[in-house]
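**Student:** Generate coordinates for the sequence data below:
(chains A, B and C, ligands or ions: 12)
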Amino acid sequence: KQTVCIFGTGDFGRSLGQKMMQCGYSIVFGSRNPQNSKMIPQGATVLSHVEAAETSDIIIVAINRLYYDFLERLKETLHGKVLVDISNNPKMNQYPEANAEYLARLLPESKVVKAFNTVSAWALQSGALDASRQVFVCGNDSKSKERVMDIVRSLGLTPLDKGSLLAAKEIEDYPLQLFPMWKYSIYMSLGLSIVLFIYCIIREVVYNSVVNNKDYSFFIIIRIPNRICPVVALILLALVYLPGIFAAVLQLYRGTKYRRFPDWLDKWMLCRKQLGLVALAYAFVHVLYTLVIPLRYYVTWKRNSYVLQQAFNNKTDPFDTVNGWISDSYLAMGILGFSLFVLLGITSLPSVSNSVNWREFRFVQSYLGYLTLVLCTAHTLLYGGKRFLLASYPWGLPAVYIFSLIIPCIVLVMKFILIFPCLDRPLTAIRQGWE
Amino acid sequence: KQTVCIFGTGDFGRSLGQKMMQCGYSIVFGSRNPQNSKMIPQGATVLSHVEAAETSDIIIVAINRLYYDFLERLKETLHGKVLVDISNNPKMNQYPEANAEYLARLLPESKVVKAFNTVSAWALQSGALDASRQVFVCGNDSKSKERVMDIVRSLGLTPLDKGSLLAAKEIEDYPLQLFPMWKYSIYMSLGLSIVLFIYCIIREVVYNSVVNNKDYSFFIIIRIPNRICPVVALILLALVYLPGIFAAVLQLYRGTKYRRFPDWLDKWMLCRKQLGLVALAYAFVHVLYTLVIPLRYYVTWKRNSYVLQQAFNNKTDPFDTVNGWISDSYLAMGILGFSLFVLLGITSLPSVSNSVNWREFRFVQSYLGYLTLVLCTAHTLLYGGKRFLLASYPWGLPAVYIFSLIIPCIVLVMKFILIFPCLDRPLTAIRQGWE
Amino acid sequence: KQTVCIFGTGDFGRSLGQKMMQCGYSIVFGSRNPQNSKMIPQGATVLSHVEAAETSDIIIVAINRLYYDFLERLKETLHGKVLVDISNNPKMNQYPEANAEYLARLLPESKVVKAFNTVSAWALQSGALDASRQVFVCGNDSKSKERVMDIVRSLGLTPLDKGSLLAAKEIEDYPLQLFPMWKYSIYMSLGLSIVLFIYCIIREVVYNSVVNNKDYSFFIIIRIPNRICPVVALILLALVYLPGIFAAVLQLYRGTKYRRFPDWLDKWMLCRKQLGLVALAYAFVHVLYTLVIPLRYYVTWKRNSYVLQQAFNNKTDPFDTVNGWISDSYLAMGILGFSLFVLLGITSLPSVSNSVNWREFRFVQSYLGYLTLVLCTAHTLLYGGKRFLLASYPWGLPAVYIFSLIIPCIVLVMKFILIFPCLDRPLTAIRQGWE
Ligand SMILES: Cc1cc2nc3c(=O)[nH]c(=O)nc-3n(C[C@H](O)[C@H](O)[C@H](O)COP(=O)(O)OP(=O)(O)OC[C@H]3O[C@@H](n4cnc5c(N)ncnc54)[C@H](O)[C@@H]3O)c2cc1C
Ligand SMILES: Cc1cc2nc3c(=O)[nH]c(=O)nc-3n(C[C@H](O)[C@H](O)[C@H](O)COP(=O)(O)OP(=O)(O)OC[C@H]3O[C@@H](n4cnc5c(N)ncnc54)[C@H](O)[C@@H]3O)c2cc1C
Ligand SMILES: Cc1cc2nc3c(=O)[nH]c(=O)nc-3n(C[C@H](O)[C@H](O)[C@H](O)COP(=O)(O)OP(=O)(O)OC[C@H]3O[C@@H](n4cnc5c(N)ncnc54)[C@H](O)[C@@H]3O)c2cc1C
Ligand SMILES: NC(=O)c1ccc[n+]([C@@H]2O[C@H](COP(=O)([O-])OP(=O)(O)OC[C@H]3O[C@@H](n4cnc5c(N)ncnc54)[C@H](OP(=O)(O)O)[C@@H]3O)[C@@H](O)[C@H]2O)c1
Ligand SMILES: NC(=O)c1ccc[n+]([C@@H]2O[C@H](COP(=O)([O-])OP(=O)(O)OC[C@H]3O[C@@H](n4cnc5c(N)ncnc54)[C@H](OP(=O)(O)O)[C@@H]3O)[C@@H](O)[C@H]2O)c1
Ligand SMILES: NC(=O)c1ccc[n+]([C@@H]2O[C@H](COP(=O)([O-])OP(=O)(O)OC[C@H]3O[C@@H](n4cnc5c(N)ncnc54)[C@H](OP(=O)(O)O)[C@@H]3O)[C@@H](O)[C@H]2O)c1
Ligand SMILES: CCCCCCCCCCCCCCCC(=O)OC[C@H](COP(=O)(O)O)OC(=O)CCCCCCCCCCCCCCC
Ligand SMILES: CCCCCCCCCCCCCCCC(=O)OC[C@H](COP(=O)(O)O)OC(=O)CCCCCCCCCCCCCCC
Ligand SMILES: CCCCCCCCCCCCCCCC(=O)OC[C@H](COP(=O)(O)O)OC(=O)CCCCCCCCCCCCCCC
Ligand code: HEM
Ligand code: HEM
Ligand code: HEM
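**Tutor:** Ligands and ions are numbered 1, 2, ... in the order given. Take a look at the predicted model:
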């Protein structure tokens, strides 16, 4: 049984110690007052720091960074030993250097390894390790790192080597992040939603209230959101495929791919996944809103009065085949588009995307993705249908779906141009690395 | 090429042998009658047990536990060698000690490692390893364990170190389990469903049949299930967040988090994930049941007769704006609640929860989870709407949705109280380990 | 810091070099013209091939297979060193032997390891490693393989040992594959769809146009697809469970499971997962098509004229309880069937199927799978309902759902026979390996 020493009998130290003992390690705690330590997991020993450190050559420092300075006094004892830094900070960039680097500076003769900081004490205790099975490890000494990674593995967690201690900063920032990659997409979509919402309220609620003197305020609950959601979804979907077009044009123009894209393009390309998934969420809500249409009181009431009107006038409106075609077509396009959208979503799941190869992933994400865009655009165009022409715009304001069509149409036209052999062939050559 | 010996030419032995040969091992089988062994994978050798054991220092014992005693005779040959126990039992707790411990007792000089018992022979043969890529490994000698884990890895499987041989019992029980964590949630939901079902039948079918002499027996197919599903979903969803409230109150009262929760609370907290997912399944069925409402013959018939009645009476019911508001609002709440519910479900997928950090996971599960609960409760409250007041209860029995609101409202009120700074601050302090 | 040498300063060599430097390796490139190499990642050295090879005993050969012959001249320098072959071919089976085998033949004294070929240069650069975290590794020397796998791991990728160099062919083919396992299922479903589509067009569009002189051409957009999708889904679902029946009959007949199934059965059994998922996709589209029915212009028009007709005739069609029962029942069966279908889909996700044990997986896939089949068949039978008997077939052509019922009914009847103890007991015995 391997003996490991843990400094600090706080929450994290105890939780980790207990877990390690369950996995067959023998644990010695180092504490300021070994006598008074309570709640130590059964079977563990508590000694003073020096005594504890002597029992093992791996020491896990489960102490707040604030108090690291006392370790300097143990310099000799810790000489050549592996020190595992598990600390986090309450805020990002609180200190100029990473905690682990600070520790390495304090104790240059010890081998500092950063690990375990992403694991929560409570999760260790309760076994609910849902969000923290990945343990990032870094350190300058690869032997020590390997030993720590073995411990990680034997606790049923997944170590991920992040290289030298330079990575410590990034690792310490990781548990403080809140969906950094999703930021742009979410702000973008919220911004768009708000602008469109105000526009629609003016166009449908205020207009009707002022001009027709009708109270359609309840439109803000379902009808207007059901204009905004699909419009935002379509715009975001087009924004997923727009940077690829820019990239292609730029590469064609430059004649090489070995020059970096401008910064904004790079960032944009890296958040396409998130843009796409946010678009999917909006589309999902659109679909649900649409499917409850026949359940809405307003809709049934309107349908009923339409029928009653015909009954009172003693006439039946004849069936219009063109309407039949258009209505069925736009619904079918929407359904097929949405199904492919869901398929794109499913292949983004990490476990699915990990089990397809690169060619398959691009087949789904690029080919089927464009097909999705085509179908969704066709859905909107057909929905617009005759309305495009004969619409009388309230206060001259066009319907929102007309705005939503601009970017998708640009993307599709550009892509259409780019697949002509005279442009596609040089582009392919460039992307394969020829210059 | 490393040589590995397998005792037993049965189903499992052969399948494993074949797979290992494909992965570059050289295999020697040990059998009772080496001459008569048929169906041995091509390229493998079959010898007597003693001869086979001499060719390798890893011996995989692919023999039923019942016959282990014959191994005692090979004590000398097996001295110091690694014995891999792969056996399972037909029932849990069939023997007082684990098979691997029994083997270790029989052959104290050998190094027994438990492994491979979760893999099925058929899966090994056919490559359909869907449910058994994880191989739990345990053993007292860590070198031997490491060697076995290397074999596991080279077969494309994932070894998971479970510590010392004490874990063998648990590992042997694993393949016999059938969703142990789901038990409570499923019993709970089924129990609730049955009780509510009977209640609704009495309230809607029996009552109408007895009092109004109407045959509404077909309500048991969709209408009553579509009352029960959402009610159970809502109750279960509230039960997911109730234990967190209890825990908070208890911790505040005790002033420390370093005392174990009562057993029932601990168990409850650990099956919240399952409770939540079962609730999601019920909500999913509710949504589908709801969306087919306009397709039901009964509903269209009723709508038609309502219109016809107006036509015959020559009057049109006027539009009621309040109804328009309420109807749209409760549908919108339901849709948003359900969308967030699905989001919670998606983040529970192991591959997704593994790639978010703890803070992000709790943001989704705790914050968005409460938002889900708020939206679903609001949905039900608004659905109840005016009905609350003017309802005349058949036989004095209130509608089921009224029951469903009790627990969610308690949870939300308590949570509302707990987020006041005067309670939240000490609670946060306690949870960060201060006493 | 370990030094690794990379031959070739092309796209892949540079990308890999840069990534490895980020992970703490020190990189030396070997190039034909070391002076002229541009775009080398900062911090790397470029030397001639011979000089570079001397700095490290791992050499990554990032050069097209076409030019491997020049390596023969470096035979001495490369003696005993690890050569990592990362090459791909533009087409499958372009060369008779795998590139790595060819390299090993050229340099028999070096230890050739195949790796990294599944990773794309662009993904390495941009970090978008979605589809290529798995790195297949093979080689005849296990020490070298282990060293390469360590490098793979330290780059944050997952190595998968595929055994000896014989596996190189398979590994080189992998990135060229496009869903090979899905081929049969997709062809099958497309073929079925086309045949049924033509049949339905004749039966509904052409017939109505010729005989009734009505233009129902717009049926091809939603109504006919909504017949074909569920029919194909049901047939595919039955085809998932049919081979299991065949297998059982064959095993019973032969009295042993130790004889290989005929080839077609084997293949069929291995693509059941894909068949099932394609069926799910079709069912998904069916459900969406069905849920938009009340939104279709044709449907609302037809409903309205039905009501108006009653209004003009001054009579109300009475409520038919049997219809109420049947309509609710078939919808409920469909909903429950579809919910279980989705559950089967969820448990097929790699990350979910990896975290259940074999018994649980089979419980869902086999028991709940059959339940799904029963529910979907019942859904179709009930939908057919009275129509079965009183239908007058246009041109004598029966409705498609009648065809769709044949295979499911056969499967269910056979399964029903097979679960009788007199057959089930010997079958179980056979499958447990008794003869
Ligand atoms: C619902 C949904 C989910 C999504 N999930 C994901 C996801 O999980 N992961 C993800 O990455 N995206 C995801 N996306 C975004 C999008 O589908 C992909 O980024 C898609 O691959 C973009 O296709 P494209 O044809 O525009 O890009 P591409 O044409 O493939 O790429 C454009 C640019 O990428 C570079 N590039 C690509 N391949 C190469 C190469 N071989 N060599 C050199 N340069 C190359 C080039 O610079 C090129 O100009 C998702 C989108 C949606 C709607
Ligand atoms: C569809 C759905 C899916 C779900 N999937 C999952 C899932 O995959 N995994 C999962 O775990 N749950 C899942 N849940 C359950 C639920 O969402 C979570 O358990 C959620 O975190 C509970 O939030 P809470 O605010 O009540 O709990 P919290 O307030 O987070 O926790 C309550 C108690 O937990 C303990 N605790 C939590 N954090 C700490 C800490 N840092 N230090 C000390 N003690 C702490 C404390 O004892 C505290 O009193 C799911 C629920 C639903 C509806
Ligand atoms: C939506 C959907 C998703 C699906 N996803 C998957 C998936 O992810 N993975 C997957 O594999 N299938 C999947 N399937 C296919 C299907 O559900 C399974 O293959 C299912 O297990 C078949 O059940 P069965 O009862 O017919 O087969 P079984 O009766 O289990 O097997 C039939 C034959 O399999 C062999 N066999 C099975 N178990 C043993 C054993 N212990 N010993 C010896 N021989 C044995 C025997 O030869 C037997 O005759 C999916 C299906 C659907 C509809
Ligand atoms: N809690 C978590 O979920 C979690 C997760 C990841 C990382 N971490 C990190 O783990 C570290 C400890 O966290 P914690 O939650 O365990 O904190 P804690 O409960 O406050 O415990 C800290 C321990 O450090 C020791 N200590 C305190 N002051 C000291 C001093 N002046 N000199 C020497 N030792 C002192 C004490 O142990 P003795 O009384 O025995 O000396 C104390 O129990 C922090 O750096 C934190 O970022 C925590
Ligand atoms: N089958 C599975 O899917 C599976 C999965 C996981 C674990 N296991 C475990 O693997 C073990 C073997 O299972 P199996 O399915 O392979 O069983 P099996 O087909 O019945 O084979 C058992 C083998 O053990 C040998 N044997 C039988 N009686 C013996 C005796 N009295 N003395 C010595 N050897 C004897 C025989 O080999 P010789 O004739 O060559 O001596 C026989 O072929 C069991 O413990 C089982 O729990 C099986
Ligand atoms: N690109 C990818 O995404 C990717 C992915 C997986 C595998 N691969 C494989 O990696 C290999 C290289 O691909 P690549 O995209 O890097 O190709 P590349 O950009 O064309 O680069 C190939 C390099 O090989 C060297 N070279 C060319 N001709 C040579 C000759 N006659 N003799 C010696 N060296 C020669 C050159 O380097 P010097 O001028 O420095 O000598 C050249 O830069 C291929 O086998 C490919 O299958 C590529
Ligand atoms: C209001 C919300 C509505 C939700 C509706 C579903 C839309 C999907 C939105 C995806 C949100 C993912 C959050 C992931 C958190 C995260 O950071 O996750 C991070 C991970 C890991 O990313 P990396 O691989 O980049 O590290 O990313 C993901 O896992 C992406 C998950 C994609 C999930 C798509 C699943 C689609 C399934 C279809 C369901 C809908 C069916 C509808 C039928 C009618
Ligand atoms: C009648 C069934 C109806 C099904 C409807 C879907 C509801 C989801 C029910 C979840 C069931 C999961 C079984 C997992 C088996 C298991 O033990 O799985 C065990 C695993 C592993 O758990 P551990 O991490 O605890 O080991 O748990 C899971 O993987 C949870 C999977 C959650 C899946 C949720 C996915 C939601 C996606 C949205 C689909 C619906 C979209 C609808 C749009 C209209
Ligand atoms: C037109 C498309 C419609 C899409 C609708 C969803 C149907 C699901 C179709 C699955 C397609 C998976 C492609 C995977 C690519 C691949 O090769 O993937 C390969 C992987 C790995 O396979 P191996 O384990 O065999 O290597 O296989 C999978 O991951 C299977 C994924 C199954 C996903 C099912 C998810 C169901 C969730 C429910 C969503 C619908 C909810 C609806 C509510 C109303
Ligand atoms: C199941 C799939 C879908 C169905 C059934 C569907 C149905 C509908 C319906 C009925 C409308 C008219 C709404 C109204 O009258 O107010 C509509 C509008 C629209 N849909 Fe869809 N849709 C689907 C999917 C999608 C998808 C995936 C997108 C794009 C991402 C999309 C984009 C739009 C747009 C932009 C509009 C116009 C909104 C407006 O201005 O009113 N739809 N859809
Ligand atoms: C897409 C989302 C949803 C829609 C469209 C929706 C719609 C409806 C409708 C139309 C009803 C009335 C049913 C009837 O008249 O019989 C209803 C009732 C109800 N819903 Fe939902 N709902 C949704 C999601 C949810 C969710 C997620 C929950 C909670 C978990 C929920 C809980 C309830 C409850 C408790 C009732 C009352 C049941 C009764 O007693 O009749 N709903 N919903
Ligand atoms: C939410 C679930 C489901 C609902 C609401 C539903 C509803 C319906 C409806 C309304 C029809 C009649 C369509 C028409 O009149 O043209 C139908 C037909 C049918 N459904 Fe479903 N269904 C569901 C799921 C399924 C599933 C999972 C399957 C099988 C895999 C299936 C198989 C069929 C078949 C074979 C037909 C007959 C098609 C025809 O010939 O018209 N359904 N379903």
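
**Student:** C-alpha from now on. contacts and neighbour counts both.
**Tutor:** OK.

**Student:** Can you pull the phi and psi angles for residue A:308?
**Tutor:** Main-chain torsions, residue A:308, degrees, to the nearest 10: phi -60, psi -40.

**Student:** so it touches residue B:306, yeah?
**Tutor:** No - counting by CA atoms under 8 Å, residue B:306 is not a contact partner of residue A:308; they are 10.8 Å apart.

**Student:** ok, those two, which is more surrounded?
**Tutor:** Shown here are residue A:308 and residue B:306; by other CA atoms under 10 Å in any protein chain shown, residue A:308 has more neighbours (24 against 12).

**Student:** Using the three-state scheme, assign residue A:46.
**Tutor:** Secondary structure, DSSP: H, G, I helix; E, B strand; the rest coil: residue A:46 is strand.

**Student:** And the residue nearest the centre of chain A, how close does it get to ligand 3?
**Tutor:** Centroid-nearest residue in chain A, with CA atoms, centre = their mean: residue A:182, separated by 4.8 Å. Distance, residue A:182 to ligand 3, by CA to the nearest ligand atom, to the nearest Å: 30 Å.

**Student:** Next: residue A:338.
**Tutor:** 19 Å.

**Student:** Tell me who's in contact with that residue.
**Tutor:** If you count contacts by CA atoms under 8 Å, 6 or more residues apart in numbering or on different chains, residue A:338 has them with A:283, A:372, A:376.

**Student:** Mind picking the one among the residues you listed that's closest to residue A:426?
**Tutor:** Taking CA to CA as the measure, residue A:426 sits nearest to residue A:372 out of the contacts of residue A:338, at 26.4 Å.

**Student:** Can you give the contact residues for stretch A:69-78?
**Tutor:** Applying CA under 8 Å, 6+ apart, the contact partners of stretch A:69-78 are A:50, A:53, A:54, A:106, A:107, A:109, A:110.

**Student:** Could you do stretch A:43-53 as well?
**Tutor:** Residues contacting stretch A:43-53 (CA under 8 Å, 6+ apart): A:5, A:7, A:26-35, A:37, A:59, A:74, A:77-78.

**Student:** Any idea how far apart the tips of it sit?
**Tutor:** Start and end residues of stretch A:43-53 are separated by 18 Å (CA to CA, to the nearest Å).

**Student:** which parts of it are buried?
**Tutor:** For stretch A:43-53, the neighbour count (16 or more other CA atoms under 10 Å in any protein chain shown) marks A:44, A:46, A:47, A:48, A:49, A:50, A:51, A:52, A:53 as buried.

**Student:** Indicate whether it makes contact with ligand 4.
**Tutor:** No - using CA under 6 Å from any ligand atom, stretch A:43-53 never reaches ligand 4; the gap is at least 8.4 Å.

**Student:** State the helix or strand in which the closest residue to residue A:243 other than its chain neighbours lies.
**Tutor:** Leaving aside its chain neighbours, residue A:243 sits nearest to residue A:269 (6.1 Å; criterion: CA to CA, 6 or more residues apart in numbering or on different chains). According to DSSP states H and E, residue A:269 maps onto helix A:263-270.

**Student:** same for that helix, what does it pack against?
**Tutor:** Here helix A:263-270 touches helix A:225-254, going by 3 or more CA pairs under 8 Å, 6 or more residues apart in numbering or on different chains; DSSP states H and E.

**Student:** picking up where we left off before, show me the contacts of stretch A:43-53 that map onto helices.
**Tutor:** Among the contacts of stretch A:43-53, the members found in helices (DSSP state H) are A:77, A:78.

**Student:** name the helices or strands packed onto the helix or strand residue A:160 falls within?
**Tutor:** Assigned by DSSP H and E, residue A:160 belongs to strand A:158-161. Judged by 3+ CA pairs under 8 Å, 6+ apart, strand A:158-161 is in contact with strand A:134-139, helix A:142-154, helix C:142-154.
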